[in-house]
Every structure is written in C-alpha cells, then in structure tokens.
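Participant: here is a sequence with its predicted model. Questions after.
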Amino acid sequence: MKNIFKLLFIIFIFTCALYLLGDKTVSNKNEKTENNIFKSIPTYKEENNERYIKFNNKNKDLTIDEVVKSVNINLDINFYENIEESPNKNTNLILVNKHYALDKDYIPNDLVQVDYKYTSGITVYANKEAKEKFEELSTDASAVGLNIKAISAYRSYEYQKKLYEEYLLNDPKEIVDTYSARAGHSEHQTGLAFDVYNVSSPYTSFGETKEYEWVKINAHKYGFIIRYTSSNQHITGYKNEPWHLRYVGVDAAKHIYENDITLEEYVLNNKNS
Ligand SMILES: [Zn+2]
C-alpha cells in the first residue's frame with residue numbers, strides 16, 4: 001500500500017514537471033515573436049527588420065548592435081544593387097555612394113566659381129558655402145608655406161558619365177569601380193567634393209605630400225573630411241583617395257574626425273535620422 005502511494009506521488013511530481021516545462025517552452029516561443037532583440041538598439045529602423053534577421057543569421061560572431069549598424073549602412077547589400085535616391089539633398093549631409101544616387105537632372109543650388117587663386121587657373125565650380133570654407137583652408141595652409149589648390153569640384157552627371165566610360169577603355173569594370181564613380185553616384189555632382197593637389201606634383205601623389213599631412217589634422221576645422229581611405233573601402237567601395245575632400249560642415253566634420261567614422265555611419269547610424 002505504501003508503495004502505491006509512493007508511485008502515485010512520483011507520477012504526480014513527474015506530471016507537474018512536464019506541465020511546467022511545457023508551459024515554459026510556450027512562453028519562450030511567445031517572447032521570441034513579441035520581443036524583437038534589435039529594437040533595443042537606438043539606431044534600429046523598422047524597415048530594416050528583415051535584413052537585421054538575415055544578416056544576424058549569416059554573421060553569428062557580430063553583436064546585435066553591430067548587426068543593426070552594419071545593415072543601416074547597407075553592408076548586407078552589394079554595391080550598385082537596390083539603388084535608392086540620395087538622402088539629404090541640397091544639404092551638407094547629402095549622401096551619394098554606391099547605394100544612393102542622384103538623377104541626371106540634379107544640379108545643386110548655390111553653385112559658384114572658385115577663385116582662380118585657389119585653383120591655379122583652372123575653372124572649378126562648387127557649392128557656395130563649401131567654396132568659401134575651401135578658400136579659407138587654402139589661405140591658412142599657404143600661411144604656413146603649404147600649397148593646397150582645387151583641381152576639380154562640381155562635375156555634372158554627363159561629365160561623370162564620360163569620365164567613367166573613358167576609364168572603361170583602359171580597365172575592366174571591377175577595377176574602374178574602385179577608383180571612379182558611375183554617373184549619378186559621384187559626390188562631385190553635389191558640388192561639395194574637392195579634388196586637391198599641391199600644384200608641383202599630380203593630384204594622385206597628394207598622399208605623399210606635406211600638404212596632406214596638414215590636411216589630415218586640419219581639414220575638419222573647415223568642415224572637410226577625407227572621404228575615402230584604405231580602412232573604409234569595405235563601406236565606400238573606393239580605394240584610398242587622399243586628394244578627395246568632402247565638405248560636410250564643421251560640426252559633422254569634427255564628429256566624423258574625432259570618432260574616425262565614415263559619412264555613411266554619421267548619416268545612417270545617427271539616432272535622429
Ligand atoms: Zn574626387
């Protein structure tokens with residue numbers, strides 16, 4: 001008799017355990033569907049949710065924060081696939097890259113000619129505010145014996161198209177894409193990008209000049225960033241271009257410089273954007 005009670009007691013405990021365990025599994029399931037882990041990240045964007053899940057599954061070593069930030073800057077999409085319209089048009093924070101494009105009719109407001117004194121006689125047009133800050137930068141550099149002039153700034157859609165097609169005559173597309181933008185994807189169409197040189201050597205050697213050493217530590221004070229470096233090629237898709245300066249405004253340039261980030265990260269991983 002005593003054994004029967006013992007047996008019944010064991011069966012009772014076992015049933016309770018099974019019941020509790022089952023209940024727990026159900027509630028875990030609910031938590032998974034109701035509690036989105038990505039939502040806790042400040043830069044979470046509802047429209048990217050499916051992409052976060054996919055990217056997370058493929059990159060198990062990344063933290064949730066890294067997944068959200070990577071997808072926001074489109075690291076999950078191949079260059080020149082799913083092209084969208086550039087955000088922040090006609091502002092200093094306009095974003096033009098291999099994911100965001102300008103249409104062929106986009107001509108920025110406030111285009112003015114850069115004074116010949118700052119271009120060594122070449123005709124260069126740029127955004128008015130960027131041009132004034134560039135002239136300031138160039139003047140301050142010359143005060144310490146350095147020569148920083150603009151060789152190119154604003155370029156139209158058509159001009160960029162021609163340039164890219166000319167490069168294709170010499171190099172295969174995969175190579176050209178690492179040093180030249182396709183039409184509509186060039187920052188030069190914004191009027192905010194400047195290619196610079198020190199006049200005595202070609203712009204492609206700018207990275208080896210003392211002018212570049214000065215630019216590296218001073219450009220942000222005038223609102224410029226060095227846009228393409230070898231360490232951000234996985235984000236921008238371009239090889240190191242020490243000569244390509246992009247005007248973003250003093251506050252943004254300071255933040256980008258101090259945090260060593262790209263314009264993509266500044267614009268797309270900003271909580272308020
Ligand atoms: Zn450039």
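Facilitator: Received, thanks.
Participant: got the residues of the stretch 101-250 of the chain near the ion?
Facilitator: 195, 244 (Cβ under 5 Å from the ion). C-beta: built from backbone N, CA, C; applies to glycine.
Participant: tell me which residue in the stretch 101-250 of the chain sits closest to the ion.
Facilitator: residue 244 (3.7 Å; Cβ to the ion).
Participant: hmm, that residue is touching residue 227, no?
Facilitator: Yes - using Cβ atoms under 8 Å, residue 244 is in contact with residue 227, at 5.3 Å.
Participant: need the residues touching each of these two.
Facilitator: 187, 193 (Cβ atoms under 8 Å, 6 or more residues apart in numbering).
Participant: related to what we said a few turns ago, what's next to the host helix or strand of the residue of the stretch 101-250 of the chain closest to the ion, contact-wise?
Facilitator: Using DSSP states H and E, residue 244 falls within strand 241-247. By Cβ under 8 Å, 6+ apart, the residues outside strand 241-247 that reach it are 92, 127, 129-130, 133-134, 151, 179, 187, 192-197, 203-204, 206-207, 212, 215, 219, 223-229, 253, 263.
Participant: re the thing from before, list the beta-bridge partners for the residue of the stretch 101-250 of the chain closest to the ion.
Facilitator: Partner residues in beta bridges with residue 244, using DSSP bridges, are residue 195.
Participant: can you give me the offset of the helix or strand harbouring residue 132 from its chain's centre?
Facilitator: Secondary structure assignment for residue 132, by DSSP H and E: helix 128-143. Between the centre of helix 128-143 and the centre of its chain there are 25 Å (Cα atoms, centre = their mean, to the nearest Å).
Participant: which elements pack onto the next helix or strand after that helix?
Facilitator: Next helix or strand after helix 128-143 toward the C-terminus (DSSP H and E): strand 149-152. Secondary-structure packing of strand 149-152 (3 or more Cβ pairs under 8 Å, 6 or more residues apart in numbering; DSSP states H and E): helix 128-143, strand 193-197.
Participant: and residue 62, how many neighbours does it have?
Facilitator: 14 (other Cβ atoms under 10 Å).
Participant: correct me, but it touches residue 69?
Facilitator: No - taking contacts as Cβ under 8 Å, residue 62 lies outside contact range of residue 69: 9.3 Å.
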